[in-house]
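In: Structure, please.
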Amino acid sequence: MPLPDDAPTFDLQSHSTRSDGALPPREVVARAAAAGTRILALSDHDTVEGVAEALEAGREHGITVVPAVEISVLDGVYEDLHLLGYNVDHRSARLTEVLELCRADRGTRASRMADALEEVGWKVDRSELAAQRAAGGAVGRPHLARAVASHPDNARRLADEELAHPGATLGQIADAVLVAYLIPGRPAFRPRAAPTVEGAIEIIHEAGGLAVWAHPFWDLDEDAEVLGAIDRFAAAGLDGVEAFYITHTAHQTRLIVEHCTKLGLLTTGSADFHGPEHARFHTFRAFSLHGLTPNLGPIGAPASP
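Out: Numbering: from 1, shown residues only. Below you'll find the predicted structure:
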């Protein structure tokens, strides 16, 4: 995938095998460095277990690694928003305790969604899910989608529902399954117990971190919705918004940046790396600044070991 002409040298969201990424933390950092990334955040879902390894790898490869986490949160009718915590103390006992509770719910939720997929007639390769758990990682919706996409008994139905086409990779098919069945409003989606936006902001701040709303236009569609949510979250102590994102358009990016500038909020960005074979999130720095200037604030300052 060619990089945008103005591809930045920071990438403030990435995932490893500690959550739903394909590579160990050390290799995520190595690949980011090889791709020209100078500031990287390892932001696994509901865990900081890979941060120490990533920090060590960052020192080895000469890049700054930001201790981070991506926490799933609830906000009224929005069942699955994400907050990024940057510069968190990854050794914080309180943060670790909360994230353990989040992961426990993630595990039971994954089982509920696997059951729901089977209830609507899909075969689920549970051995893939078991392997992910055995490796110490949490099972998320990408794993569930892949467990459907990889099962040979589903091949005909995947084609019939136009979720697979000739030449499609496993990652592309899994991505199509996720969108068709595992997002809010779809047949196999099941809500989770998670902190509220306000609660997650408080938890991140207690751990010495900065709270940033991740990829707003990935989760919400309308301009007014996004701007209204930014206002509400800012009133609750939000520190910034991920304005620059691989799927955000120039209009969406500019809208967020202008609004955050008025409110004094940080504006961060990422290509949301999940692995080299992922259908969409597979290349570091693959997002555009659209001629705008990010405001990272203290994010990216040298971290303690």
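In: Any regions of the stretch 1-150 of the chain where pLDDT drops low?
Out: Along the stretch 1-150 of the chain, the parts satisfying pLDDT under 70 run over 1, 77, 79, 136-138.
In: Off-centre distance for whichever strand or helix holds Met113?
Out: Remark: Met113 resides in helix 93-119, with elements defined by DSSP states H and E. Distance of helix 93-119 from its chain centroid, counting by Cα atoms, centre = their mean, to the nearest Å, is 16 Å.
In: I'd like to know which elements that helix is packed against.
Out: strand 64-75, helix 126-134, helix 141-149, helix 197-206 (3 or more Cβ pairs under 8 Å, 6 or more residues apart in numbering; DSSP states H and E). For glycine as for every other residue, the C-beta is placed from the backbone atoms N, C-alpha and C.
In: out of those, nearest to Ser14?
Out: With respect to Ser14, and counting by Cβ to Cβ, the nearest of the helices and strands packed on helix 93-119 is strand 64-75 at 8.8 Å.
In: Determine the next helix or strand in the C-terminal direction from that closest one.
Out: The C-terminal neighbour of strand 64-75 among helices and strands, as given by DSSP H and E, is strand 78-86.
In: what bridges to Leu74?
Out: Assessed by DSSP bridges, Leu74 has beta-bridge partners Thr196.
In: Most remote residue from the middle of the protein, which is it?
Out: Arg156 (30.8 Å; Cα atoms, centre = their mean).
In: quick one: secondary structure of it?
Out: Per DSSP: H, G, I helix; E, B strand; the rest coil, the secondary structure class of Arg156 is helix.
In: now it: how far from Gln172?
Out: 18 Å (Cβ to Cβ, to the nearest Å).
In: how is this structure carved up into domains?
Out: Domains of the chain are assigned by automatic domain parsing as 10-103+196-270, 108-181.
In: who wins for proximity to Arg91 among the helices and strands packed on helix 93-119?
Out: Checked against Cβ to Cβ, the stretch from those lying closest is strand 64-75, at 9.3 Å.
In: Show me what the closest one is packed up against.
Out: For strand 64-75, the packing partners by 3+ Cβ pairs under 8 Å, 6+ apart are strand 39-42, helix 51-61, strand 78-86, helix 93-119, helix 197-206.
In: What residues does Arg38 make contact with?
Out: By Cβ atoms under 8 Å, 6 or more residues apart in numbering, the contact list for Arg38 reads 9-10, 63-64.
In: ok so, going back, identify each buried residue in the helix holding Met113, please.
Out: 95, 98-99, 102-103, 106, 109-110, 113-114, 116-117 (16 or more other Cβ atoms under 10 Å).
In: one step back: so which of the helices and strands packed on strand 64-75 is nearest Cys260?
Out: Of all the helices and strands packed on strand 64-75, strand 78-86 sits nearest to Cys260, with 14.3 Å by Cβ to Cβ.
In: List the neighbours of the strand or helix carrying Phe217 that are in contact with it.
Out: Using DSSP H and E, Phe217 sits in helix 216-219. Outside helix 216-219, the residues that touch it by Cβ under 8 Å, 6+ apart are 78, 80-82, 226, 229-230, 241-242, 245, 247-249, 252, 256.
In: CA atoms only for that helix, dumped as PDB, please.
Out: What follows is helix 216-219, C-alpha atoms only, in PDB (Å, rounded to 0.1, in the frame of the first residue of the first chain):
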ATOM      1  CA  PRO A 216     -14.900   8.900  15.800                       C
ATOM      2  CA  PHE A 217     -16.100   8.500  12.200                       C
ATOM      3  CA  TRP A 218     -15.400   4.700  12.300                       C
ATOM      4  CA  ASP A 219     -18.100   4.400  14.900                       C
END
